[in-house]
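Q: Okay, sequence plus prediction incoming.
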Amino acid sequence: MLNEAQKRIDDWAQQFAEPYWPPLSQFAALTEEVGEVGRLLNHLYGSKPKKQEEAAQELGGEITDVIFAAMCLANRHGIDLDAAFEKKMDTCYGRDKDRFEKK
């Protein structure tokens, strides 16, 4: 599921002399992308309307930028996101199964 996307990113990244930035630079990039999601959500639903001169943004595109940056970080560290995701879902259906009010 996620491994295919990780491979596509890695195939693209491997064409460069330095396929992935150093970890702190990658973290900064990820943080920047998350900030852009926050800024857009604030424009859409918060108290800070978008300025007329600001470029239009799509939430889906901004979230994809976050996913891409996170996958680059995972690739840099050899993390199998399919396995990590399954572990997370096990937590949701295990430890956290009664944590939230159900419908």
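A: Good, I have the coordinates.
Q: is it true that Tyr20 touches Ala69?
A: No. Counting by Cβ atoms under 8 Å, Tyr20 does not reach Ala69; the two are 10.6 Å apart. (C-beta placed from N, C-alpha, C; glycine too.)
Q: Now tell me what touches stretch 32-48 from outside.
A: For stretch 32-48, contacts defined as Cβ atoms under 8 Å, 6 or more residues apart in numbering pick out Pro49, Lys50, Gln57, Leu59, Glu62, Ile63, Asp65, Val66, Phe68, Ala69.
Q: quick one: which two of the residues you listed are the most distant?
A: Using Cβ to Cβ, the pair of the contacts of stretch 32-48 lying farthest apart is Pro49 and Phe68, separated by 27.6 Å.
Q: who has more neighbours, those two?
A: The neighbour comparison of Pro49 against Phe68 (other Cβ atoms under 10 Å) goes to Phe68, with 16 against 10.
Q: thought that one was touching Arg8?
A: No. Contact criterion Cβ under 8 Å: Phe68 and Arg8 do not qualify, at 10.1 Å.
Q: quick revisit: what is in contact with Tyr20 and Ala69 at once?
A: Counting by Cβ under 8 Å, 6+ apart, the residues touching both Tyr20 and Ala69 are Gln26.
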